[in-house]
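Chemist: pasting the structure only:
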């Protein structure tokens, strides 16, 4: 499951400031389109009326603030970047819901299920445009944060990350129709998805006017932890926490025949009979619950879960190695390392 708390190094006040800034950025606009966005972000009901906020994953925006604080910047300098990357993340979620036909997210109907796929795509594209617009709020900042060179660097980094994720989605979808996908191919896709955390960490460094070496190290830190999280999300869908049912989003990922590092390992290392069984399952148009159960049984036979968990641990170590090159204090490195493990979902 996604991390929904406050990252180490941030206070409850930091978290509140971020939520207020995010909400204000959306609430400045009055067309009902923005009420749909506010609904998706968890602040209002389907009629646009305020309701208790649905607790959601804000780890992308929080990571911007955490890295900025670790690198010597304050929330004012980092906030437009934090809002930007959180909006980008939610743009991707809206499109994922349409793509996988998810009818529910965060225990509420998704935008496309409530308003139709056309409006969901429209709302998602609007959220993407707003993610880019938020970067230009830095023009109102003071000090290095307002330097046009840093704003330009932030925009380029955000757009590059968006393209990386879109490339990953393209490959993910193309692999759904293939019975055999390799471990290396799955990791390559996960690295593209990891770009979103990579840019989150880098934007925190840009807010602190860090030099190129530090920015590169921070990007690698975020990208590696994002890659590990992407792989772990698939594992959590295959093996939900004990005593819990799969969420609508998890079922959507599996039933759309999304390949994980565990299934790729089983395909590469299983017996001919195992590979044939998996091939027969993945050649179906849509998987049903019985198919998902059979895949889980096969993955147990090939010990693929243990392999996947070891690869995720390697990626977390890769992230921490990059963090050690970012020139931060031991205390700040410890806080960000703890944040990385919470984001990935490992202990």
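Modeler: Great, that's in hand. Values in this document were obtained by computation on a predicted structure and should not be read as measured data. Residues are numbered from 1 along each chain as shown.
Chemist: the helices in the stretch 101-250 of the chain, which residues?
Modeler: Using DSSP state H, counting those that start in this stretch, the helices of the stretch 101-250 of the chain run over 111-115, 117-135, 148-176, 183-193, 195-207, 212-238, 248-255.
Chemist: helix/strand/coil for the residue nearest to residue 56 when sequence neighbours are not counted?
Modeler: The shortest distance from residue 56 to any non-neighbouring residue, by Cβ to Cβ, 6 or more residues apart in numbering, is to residue 42 (5.0 Å). Placement of C-beta: from N, CA and C, glycine included. Following DSSP: H, G, I helix; E, B strand; the rest coil, residue 42 is assigned to coil.
Chemist: circling back to that earlier point, in TSV: the helices of the stretch 101-250 of the chain, plus distance to residue 336 and mean neighbour count.
Modeler: Formatted as TSV, these follow (distance: least, Cβ to Cβ, whole Å; neighbours: other Cβ atoms under 10 Å):
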stretch	distance to residue 336	mean neighbour count
helix 111-115	33	20
helix 117-135	23	19
helix 148-176	19	17
helix 183-193	20	20
helix 195-207	8	31
helix 212-238	7	23
helix 248-255	27	20
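Chemist: quick one: closest of those helices to residue 89.
Modeler: Evaluated with Cβ to Cβ, the helices of the stretch 101-250 of the chain place helix 195-207 nearest to residue 89, the distance being 6.2 Å.
Chemist: contacting residues for the residue nearest to residue 56?
Modeler: Going by Cβ atoms under 8 Å, 6 or more residues apart in numbering, residue 42 touches 53-56, 106.
Chemist: for it, give me the pLDDT.
Modeler: pLDDT, residue 42: 94.
Chemist: related to what we said a few turns ago, may I see the helices of the stretch 101-250 of the chain organised as JSON lines, with mean pLDDT and distance to residue 97 added?
Modeler: As requested, the helices of the stretch 101-250 of the chain are exported to JSON lines (pLDDT from 0 to 100; distance: least, Cβ to Cβ, whole Å):
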{"stretch": "helix 111-115", "mean pLDDT": "95", "distance to residue 97": "6"}
{"stretch": "helix 117-135", "mean pLDDT": "96", "distance to residue 97": "7"}
{"stretch": "helix 148-176", "mean pLDDT": "94", "distance to residue 97": "13"}
{"stretch": "helix 183-193", "mean pLDDT": "96", "distance to residue 97": "16"}
{"stretch": "helix 195-207", "mean pLDDT": "97", "distance to residue 97": "17"}
{"stretch": "helix 212-238", "mean pLDDT": "96", "distance to residue 97": "15"}
{"stretch": "helix 248-255", "mean pLDDT": "83", "distance to residue 97": "8"}
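Chemist: in JSON lines, list these along with distance to residue 31.
Modeler: Shown next, in JSON lines, are the helices of the stretch 101-250 of the chain (distance: least, Cβ to Cβ, whole Å):
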{"stretch": "helix 111-115", "distance to residue 31": "13"}
{"stretch": "helix 117-135", "distance to residue 31": "9"}
{"stretch": "helix 148-176", "distance to residue 31": "24"}
{"stretch": "helix 183-193", "distance to residue 31": "31"}
{"stretch": "helix 195-207", "distance to residue 31": "27"}
{"stretch": "helix 212-238", "distance to residue 31": "33"}
{"stretch": "helix 248-255", "distance to residue 31": "28"}
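Chemist: of these, which is nearest residue 9?
Modeler: Closest to residue 9 of the helices of the stretch 101-250 of the chain is helix 195-207 (Cβ to Cβ; 11.0 Å).
Chemist: angle of the closest one against helix 148-176?
Modeler: With axes from the mean of the first three to the mean of the last three Cα atoms, to 10 degrees defining the directions, helix 195-207 sits at 170 degrees from helix 148-176.
Chemist: elements contacting helix 195-207?
Modeler: On a contact count with 3 or more Cβ pairs under 8 Å, 6 or more residues apart in numbering; DSSP states H and E, helix 195-207 meets helix 59-71, helix 75-99, helix 148-176, helix 212-238.
Chemist: now these in TSV, with distance to residue 48?
Modeler: Formatted as TSV, the helices and strands packed on helix 195-207 follow (distance: least, Cβ to Cβ, whole Å):
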stretch	distance to residue 48
helix 59-71	23
helix 75-99	17
helix 148-176	28
helix 212-238	31
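Chemist: looking at these, which is nearest to residue 190?
Modeler: Closest among the helices and strands packed on helix 195-207, using Cβ to Cβ: helix 212-238, at 4.1 Å.
Chemist: just the angle for that closest one relative to helix 195-207, thanks.
Modeler: Going by the same axes, to 10 degrees, helix 212-238 makes 150 degrees with helix 195-207.
Chemist: what kind of secondary structure is residue 8 in?
Modeler: Classification of residue 8 using three-state DSSP returns coil.
Chemist: settle this for me: it is touching residue 341, isn't it.
Modeler: No: the pair residue 8 and residue 341 does not pass the contact test of Cβ atoms under 8 Å, sitting 9.6 Å apart.
Chemist: sweet, I'm off.
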